[in-house]
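# here's my sequence, what's the structure:
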Amino acid sequence: MANKSTAEKLATIQKGYTLEGATIELGAAIVDGELHKEAQVRLPLAMMNRHGLVAGATGTGKTVTLHMMAEQLSTAGVPVFLADIKGDLSGLATAATGSEKLTARTDSIGQAWAGKTFPVEFLALGGDGNGIPVRATITSFGPILLSRVMELNDTQESSLQLIFHFADKQNLELVDLKDLRAVIQFLTSDEGKDELEELGGLSKATAGVILRELVNLEAQGLEKFFGEPEFDTAELLRTAPDGRGVVTCLELPTLQTKPMLFSTFLMWLLADLFEDLPEAGDLDKPKLVFFLDEAHLLFNGASKAFLDAITTTVRLIRSKGVGIFFVTQTPKDVPADVLGQLANRIQHALRAFTPEDAKALKATVSTFPVSDYDLEETLTSAGIGEAVITVMNEKGAPTPVALTRLRAPESVMGPSTDDLVKSTVAGSALLAKYGTAVDNVSAYEKLTGKGAAPTGDAAPGGPPVPGSAGGGQADVDAEARRIEEEILGRPSSRPASAPDRGAGPDAASERAPRRRAPEPAAPAGGGMMGDLAGALGGALGGGLKSMVRSMGTQLGRELLRGVFGTSSRRRR
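Next up is the predicted model:
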């Protein structure tokens, strides 16, 4: 390695990146400290569904790299999904303006640069921001992902799976948080206590913990992320009329206050795509490339079931034509089983200021193929906008490691104006489909006998707590106190937010009437529908009991759902 001349090293890179099919142009190689624009480094478009990693210390240019890649994917007709953490990626909708400095850089790497705009769709999680509201139903989200958001332990997660199975079998649609809360309240009530006992592995105390966590989610305002109309992930696969792929930017202005929801919601999008897309085999280009920014949030404190589900999704979704690029600071942020699935590597500079940094640097170097570079030195001395790259070539082999000066984006490297974003959202075909929240009849209405709430524009805040008059913070606190007292059989430890009628036991019972639904019309025929009618009509016994008895103690782990316990059933 040390005896090779610069010309020999250069020839190795040129040969390794001479590819036949369509490619994403990444930049020009730097060999022995000199930039060589005749040695172009590129990534085969057909290999982007082999997944990848974009890593590097803060401020080294990771966001600009995925911005540049998204532009070229769109030009090639490949739809792209981006989580816009800092708001910078909205600049894809605005053409960049050239400058002397920019021209000097692009000329030096052999890039024919011109300012361009790209077709962008702006989304906002639950309408929290300037985008089309994105929602998921509770039943579609599934117990494993919801357990992640609620930070439940393994035992509580298994219990939640049993609750989902119960609701599935009884045709109790879990659309939003109040639906799931109504089912758990039913199981912990006098009417449902026999059914709770029959659900093997589900204790009243555990159900109470889950119920209180749901109330806490509502108090944090997270209920607006769950509901209808549910976002159809097929919207991520669209192309513009001119054939370019649509770049979907999910705005996340409140990421720092809801990191767990953000990372888990992204996995729901992937899991839903996985369930819906047919097998595609090897394609000339992917159907979608999904950039998962701040990937460390996805894995921090994750349960084994969650990690296993991520690994399975990453391994299998490739054959459905979807590429996933994890964007994070160091490869150690990604579990080894997942990292082993990532064939394409773009590694920006790392810092080695602490012993922990030095350890991470050595671990990163060990994951690269043998190369002509001293990677420890290269990775700590690379400049902003430079990265060490190795990708999978068209024959499935790794390309030579190349320190690369990366291409510049052709759209604005920063946010577009608010007026442009808002006008883009207002003109989107998705606004009429997803802009207005609806509340159809689901588990809450069936169990309480109440009609569906009026539909209207999505608004801040959430549905009132069942049985409460206002749905404000005081009512949420009062409901949480009532649940704790009912489950634990002792006075609540939760402080009251303000003196109100909710402080007394009479008012608590007034706010939480027994949940016995009116007698439903008798369905034609018997079977499960007959059992459901009997259960909801108050005849809690034979039909429902025999159903739960047949579930056994382990069926919570055997749900007929997707890899994350997700369900693709939608009501639009």
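# you'd agree Ala95 is up against Met413?
No - if you go by C-beta atoms under 8 Å, Ala95 and Met413 don't touch, sitting 11.8 Å apart. In short, each C-beta sits where N, CA and C put it, glycine included.
# now the strands: where do they sit in the chain?
23-31, 34-44, 52-55, 80-84, 120-125, 132-134, 247-251, 288-292, 322-328, 344-347, 386-390, 402-406, 436-437, 456-457 (DSSP state E).
# need those strands in JSON lines (columns: distance to Leu237).
Output for those, formatted as JSON lines (distance: least, C-beta to C-beta, whole Å):
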{"stretch": "strand 23-31", "distance to Leu237": "19"}
{"stretch": "strand 34-44", "distance to Leu237": "21"}
{"stretch": "strand 52-55", "distance to Leu237": "19"}
{"stretch": "strand 80-84", "distance to Leu237": "10"}
{"stretch": "strand 120-125", "distance to Leu237": "11"}
{"stretch": "strand 132-134", "distance to Leu237": "15"}
{"stretch": "strand 247-251", "distance to Leu237": "10"}
{"stretch": "strand 288-292", "distance to Leu237": "6"}
{"stretch": "strand 322-328", "distance to Leu237": "9"}
{"stretch": "strand 344-347", "distance to Leu237": "21"}
{"stretch": "strand 386-390", "distance to Leu237": "27"}
{"stretch": "strand 402-406", "distance to Leu237": "27"}
{"stretch": "strand 436-437", "distance to Leu237": "23"}
{"stretch": "strand 456-457", "distance to Leu237": "28"}
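# of the ones you listed, which approaches Asn300 most closely?
Asn300 lies closest to strand 322-328 among these, at 11.0 Å (C-beta to C-beta).
# which residues sit against that closest one?
Applying C-beta atoms under 8 Å, 6 or more residues apart in numbering, the external contacts of strand 322-328 come out as 48-55, 62-63, 66, 69, 270, 273-274, 277, 286-296, 314, 317, 334, 338, 342, 344.
# shouldn't Glu279 be in contact with Lys320?
Yes - using C-beta under 8 Å, Glu279 makes contact with Lys320 at a distance of 6.2 Å.
# list the contacts of Gly56.
Counted by C-beta under 8 Å, 6+ apart, Gly56 has contacts Lys62, Gln329, Gln347, His348, Ala349, Leu350, Ala387.
# so where is this structure shaky, pLDDT-wise?
Along the chain, the parts satisfying pLDDT under 70 run over 1-2, 201, 253-257, 451-572.
# so Met48 sits right up against Val289, yeah?
Yes - applying C-beta under 8 Å as the test, Met48 and Val289 come out as touching, 5.6 Å apart.
# residues shared between the contacts of these two?
Both Met48 and Val289 are in contact with Leu73, Val78, Gly323, where contact means C-beta under 8 Å, 6+ apart.
# beta-bridge partners for the nearest residue to the second one once chain neighbours are set aside, please?
Meaning Val78. Nearest residue to Val78, sequence neighbours excluded (C-beta to C-beta, 6 or more residues apart in numbering): Gly245, at 4.5 Å. Beta bridges link Gly245 to Thr239, judged by DSSP bridges.
# what's around Gly245, how many residues?
27 (other C-beta atoms under 10 Å).
# check contacts around it.
For Gly245, the contact set (C-beta under 8 Å, 6+ apart) comprises Leu73, Ser74, Ala76, Gly77, Val78, Pro79, Val80, Pro119, Arg238, Thr239.
# dihedrals phi and psi, the residue nearest to Phe225 when sequence neighbours are not counted?
Using C-beta to C-beta, 6+ apart and skipping the chain neighbours, the partner closest in space to Phe225 is Gly126 (3.8 Å). Dihedral pair for Gly126: phi 70, psi 20, per degrees, to the nearest 10.
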